[in-house]
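Q: mind folding the following:
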Amino acid sequence: MGLPGWLAARRPWQRLALSFLLGALATAAFAPLYAVPVLLVSFPGLILLLEASPTKKGAFGVGWFFGFGHFLTGFYWVANALAIAGAPPAAAIALPLGMALYSGFAGLLYRIVGRRVPSRVLLFALCWALAEWLRGHVITGFPWNLAGYAWAFSDAMSQFASVAGAYGMTLITAAIAASPVLL
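A: Numbers count the residues shown, from 1 in each chain. As a prediction, this is how the structure comes out:
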């Protein structure tokens, strides 16, 4: 049966919960931890969960829950600032809820186009980078925790970022991190 079959046999709520956990895990790739190898687990896991989703709605949900876990843990500093300012706790959750729509879009786009292209890793990387570009430019303009930011600790990668830009680094990072799904 293998991992893809096992994931497909899970109940929808189990796939969504796993997606949330993988999104939260992906946050460890950013400052202050810079545990970049976690992306080698979280992105392939997301791809397998997207492929195990029987419907477009399910794929959007998987992407959304991944994003919600990712942004809920990655935007901890916003929650702290809001708590200090006396905002209600719901305000700290509202931002990750909205930002997760972009990850949901990436999951939906991957599901729609994925059956028509031979390279699922490159397709995933393009969908993810497009969603992050949209997040940085449409409505919110809030490009926090782009996948390419995981390399901020590396002088060599920072030099490459001067050529590729943050979104180019995101594309490359997503492609490399997703590649274990081919194994």
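
Q: ok, the residue nearest the centre of the chain to residue 11 distance?
A: In the chain, the C-alpha nearest the mean C-alpha coordinate belongs to residue 67, at 5.4 Å (C-alpha atoms, centre = their mean). To residue 11, residue 67 is 21 Å away according to C-beta to C-beta, to the nearest Å. Bear in mind the C-beta positions are built from the backbone N, C-alpha and C, glycine included.

Q: ok, longest helix in this structure?
A: helix 89-114 (DSSP state H).

Q: that one: what's the following helix or strand?
A: Next in sequence after helix 89-114, counting helices and strands by DSSP states H and E, comes helix 120-137.

Q: just to revisit the earlier point, ok, for the residue nearest to the centre of the chain, nearest residue in space, not its chain neighbours?
A: Once flanking residues are discounted, residue 67 sits nearest to residue 103: 2.6 Å by C-beta to C-beta, 6 or more residues apart in numbering.

Q: and the gap between that neighbour and residue 74?
A: 11 Å.

Q: between these two, tell me which one has more neighbours.
A: residue 103 (28 against 22; other C-beta atoms under 10 Å).

Q: host element of residue 164?
A: Per DSSP H and E: helix 155-178 holds residue 164.
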